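Engineer: Quick one, what's the 3D model for this:
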Amino acid sequence: MTQIGFFADLGLLLLAALVGGVLAHLLRQPLIVGYLIGGILIGPFTPGPTLSEPEVFRLFAEVGVVLLMFSIGIEFSVGDLFRAGRVGLLGAPLGIALIMCMALPIGWIFGWPLRQTLVVGAAASVASTMVLLKFLSERGELHSPHGRILVAITLAEDLVVVAMTVLIPAMAQAEPGSALRLFLAGLLQAALLLAPFLLLSRRLVPALLDRIARAGDMELFFLIAMTIAIGTDALTASFGLSLALGAFLAGLLISGSEFAHETLARVLPIRDLFIAVFFVSIGTLIRPASLVAEFPVVLAMVALVVLGKFIVRAGTIRVLGSPVRTAVLAGLGVTQIGEFSYVLAGVGRQHGLLTGSVYDAILAASVLSIIINALIFRRSPERLTRWLDRMESLQDQVDPIPMTDHVLICGLGRVGKHVADALGSFSIPYTIVDLNPRMTQEARRRGVPAVFGDAGNEIVLRRAGAERARLAVVAIPDFDAAYRCVRVLRALRSDVPIIARIHEESQRVPIQEAGANEVIQPEIEAGLTIVRHSLDRLGIDHHDARLYIERIRERWTE
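Structural biologist: The predicted structure is shown next:
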């Protein structure tokens, strides 16, 4: 390939990514879908301009996978995984195992070998972290009950994907009856690598990176971080393990440094560029003609991903103690597959476990599942939400609270607890509405009237005595839920004072228009408190300082 040809192909590939990305943005679809469509358009199986040497850019795609797993390793936290509780520690691997079992009948119908069926099930079982987090962020639900569960599941799935990159090559090498032995040998090999890596991540590497970072040469810092990443990949490859595992371990090495986020901030732009190349390259592999021939397989895989994963994930989350609403919304969130599915399918194909047609079917099922997921999860119909609210209210068989002239606290998080403690100290009666069943049960044990349910549900608010309250405090961290709560409260009572919290200044006007009388932004109040203490330390007159702070508060709240 000539130098001119290389840059012509590179320009065509980036143009395809740009066109596909703009198209996806206009259609309100994830960028991944646009990248894949761009790849199909410049692939060798469709008319029009085509890459002259697509194999060259497969290497770029591999770099994208390495950078993706490297960034996951930097962000990975064992502590976060344990804090996720049973849903993360048990729900993710249990769900993956059940989905792989659901793939067995599909494999039997199409006459696939058992190993190919298991790889298909593994690829179908893991959701796209990038798509999921983007949807949650767009809806403002990262900190909602189902958002926290979905983040926990994806965190655990990241770890399971690493394990499966060891399992799939072992399956390829195994003779009948020896798969388990080779898998355990692969895990032992990975564990022997992981132990010294964890030691290095706590001792040597953070000290080295900290010394370089404090010297102020961030270019050298980044170069060393990337050298660690590539060197670790080379080491794991020499042991016969996957590049994805090596990249993840390299990220773990750096995650122990206090400057890990600086590394991540510098990696992300490069990673996003190579990820675009990765998805466009994947798109060039899709054969539209063969997909028509393999339509039954594609349809079966889409059904497995959308219906099968929803049933399994919602069921396991519900069994592990989450409310119906949380389980259903979390189940809807994972009804898609993406980048890690390509990683696992690529490893399976590389080791001869997947045929080309089945690999194409996985790629097509991914595109369709992401589009379906966007329509269902990102834009959940109001009818579904109302049905879930009704189910939720029926789930908590608590008689309406007969209290009058009380304070209604919606959301018993950190802010809500402070309000509850203050009211208790002054013997002011109050009731609580919260979506966490453990919180409401604990409050009841302490003798505090509490209702489990969505504070944006009229039935739940009536049960908590909202119509007879003297004050309502909306301390729900999720803005969409807080907005709905304020709107319903105002519809129930036109005269009740409502105090609401927000996180961003842009949220002030919408929640005031919904009916909030007073809006508190904790960051602003913290800043004013620091200003007041600073002025006190500097000897400024208390009266003058108070007047200044009041003027600033009025200016911010206008």
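
Engineer: Now find how far off-centre whatever helix or strand Ala17 lives in is within its chain.
Structural biologist: Assessed by DSSP states H and E, Ala17 sits inside helix 3-26. Helix 3-26 has its C-alpha centroid displaced from the chain centroid by 28 Å (Cα atoms, centre = their mean, to the nearest Å).

Engineer: for stretch 108-115, same thing?
Structural biologist: Its chain's average C-alpha position is 32 Å from that of stretch 108-115, according to Cα atoms, centre = their mean.

Engineer: can you check stretch 530-547 too?
Structural biologist: For stretch 530-547, the distance to the chain centre is 43 Å (Cα atoms, centre = their mean).

Engineer: can you list the residues that contact the helix holding Ala17?
Structural biologist: If you take Cβ atoms under 8 Å, 6 or more residues apart in numbering as the criterion, helix 3-26 is touched by 1, 30-39, 41-42, 49, 51-53, 56-57, 276-277, 279-281, 283. C-beta: built from backbone N, CA, C; applies to glycine.

Engineer: Kindly recompute the last result at 7 Å.
Structural biologist: 30-31, 33-35, 37-39, 41-42, 49, 51-53, 56-57, 276-277, 280 (Cβ atoms under 7 Å, 6 or more residues apart in numbering).

Engineer: Would you mind checking those residues for buried ones?
Structural biologist: 30-31, 33-35, 37-39, 41-42, 51, 56-57, 276-277, 280 (16 or more other Cβ atoms under 10 Å).

Engineer: Could you identify the most distant pair in those?
Structural biologist: Pro30 and Val56 (26.5 Å; Cβ to Cβ).

Engineer: Please save the CA atoms from the helix or strand where Ile511 lies in PDB.
Structural biologist: For Ile511, the host element (DSSP H and E) is helix 508-514. Taking Å, rounded to 0.1, in the frame of the first residue of the first chain, the C-alpha atoms of helix 508-514 are listed here in PDB:
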ATOM      1  CA  ARG A 508     -33.700  26.100  38.400                       C
ATOM      2  CA  VAL A 509     -36.300  27.600  36.000                       C
ATOM      3  CA  PRO A 510     -37.900  24.300  35.000                       C
ATOM      4  CA  ILE A 511     -38.500  23.200  38.600                       C
ATOM      5  CA  GLN A 512     -39.700  26.700  39.600                       C
ATOM      6  CA  GLU A 513     -42.200  26.500  36.700                       C
ATOM      7  CA  ALA A 514     -43.300  23.100  37.900                       C
END
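
Engineer: Which residues outside that helix are in contact with it?
Structural biologist: 482-483, 486-487, 490, 500, 502, 519.

Engineer: next one: stretch 53-71
Structural biologist: With Cβ under 7 Å, 6+ apart, stretch 53-71 has contacts from 1, 6, 9, 13, 44, 51, 229, 233, 243-244, 247-248, 250-251, 264, 267-268, 270-271, 274-275, 277-278, 281, 284, 339, 343.

Engineer: now stretch 333-344
Structural biologist: Taking contacts as Cβ under 7 Å, 6+ apart, the residues outside stretch 333-344 that touch it are 32, 65, 68, 119, 122-124, 126-128, 130-132, 146, 150, 153, 161, 164, 168, 244, 282, 305-306, 309-310, 313, 362, 365-366, 369-370, 372-373, 376-377.

Engineer: Which members of the contacts of stretch 53-71 are classed as buried?
Structural biologist: Neighbour counting with 16+ other Cβ under 10 Å marks 9, 13, 51, 229, 233, 243-244, 247-248, 250-251, 264, 267, 271, 274-275, 277-278, 281, 284, 339, 343 as buried within those.

Engineer: Take the residues you listed and keep only those in helices.
Structural biologist: In helices, defined here by DSSP state H, the members of these are 9, 13, 229, 233, 243-244, 247-248, 250-251, 264, 267, 271, 274-275, 277-278, 281, 284, 339, 343.

Engineer: Quick check: pLDDT value at the most far-flung residue of the chain relative to its centre.
Structural biologist: Distance from the C-alpha centroid of the chain peaks at Asp541, with 49.4 Å (Cα atoms, centre = their mean). pLDDT recorded at Asp541 is 80.

Engineer: From Glu550, how far out is it?
Structural biologist: Look at Asp541 and Glu550: by Cβ to Cβ, to the nearest Å, they are 14 Å apart.

Engineer: Also Glu467?
Structural biologist: 34 Å.

Engineer: Between those two, point out the one with more neighbours.
Structural biologist: More neighbours surround Glu467 than the other of Glu467 and Glu550, with 14 against 11 (other Cβ atoms under 10 Å).

Engineer: follow-up on the earlier one: would you list the buried entries among the contacts of stretch 333-344?
Structural biologist: 32, 65, 68, 119, 122-124, 126-128, 130-132, 146, 150, 153, 161, 164, 168, 244, 282, 305-306, 309-310, 313, 362, 365-366, 369-370, 373, 376-377.

Engineer: quick one on the thing from earlier: sort out which of the contacts of helix 3-26 are in helices and list them.
Structural biologist: 31, 33-35, 37-39, 41, 56-57, 276-277, 280.

Engineer: could you dump those to CSV with distance to Val319?
Structural biologist: Shown next, in CSV, are the ones in helices among the contacts of helix 3-26 (distance: Cβ to Cβ, whole Å):
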residue, distance to Val319
Leu31, 35
Val33, 33
Gly34, 37
Tyr35, 37
Ile37, 38
Gly38, 41
Gly39, 40
Leu41, 44
Val56, 49
Phe57, 45
Ala276, 39
Val277, 41
Val280, 40
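
Engineer: Contacts for the helix or strand harbouring Val120 next, please.
Structural biologist: Here Val120, judged by DSSP H and E, is contained in helix 114-125. Helix 114-125 is touched from outside by 95-96, 99-100, 103-104, 107, 164, 168, 171, 301, 304-305, 337, 341, 344-345, 348, 353-354, 358, 362, with contacts defined as Cβ under 7 Å, 6+ apart.

Engineer: Return the distance of that helix from the chain's centre.
Structural biologist: For helix 114-125, the distance to the chain centre is 23 Å (Cα atoms, centre = their mean).

Engineer: Quick one: mean pLDDT over it.
Structural biologist: For helix 114-125, mean pLDDT is 89.

Engineer: could you give the angle of the helix ranked longest in the chain to helix 114-125?
Structural biologist: Using DSSP H to define each element, the chain has its longest helix at helix 145-173. With axes from the mean of the first three to the mean of the last three Cα atoms, to 10 degrees as the basis, helix 145-173 and helix 114-125 are set at 160 degrees to each other.

Engineer: can you give me the helices in the stretch 401-550 of the chain?
Structural biologist: With DSSP state H, counting those that start in this stretch as the criterion, the stretch 401-550 of the chain has helices at 414-425, 437-445, 458-463, 479-492, 508-514, 522-537, 542-557.

Engineer: Need those helices in a markdown table (columns: distance to Glu294).
Structural biologist: Below are the helices of the stretch 401-550 of the chain laid out as a markdown table (distance: least, Cβ to Cβ, whole Å):
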| stretch | distance to Glu294 |
| --- | --- |
| helix 414-425 | 52 |
| helix 437-445 | 45 |
| helix 458-463 | 48 |
| helix 479-492 | 40 |
| helix 508-514 | 47 |
| helix 522-537 | 53 |
| helix 542-557 | 59 |
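
Engineer: Done for today, thanks.
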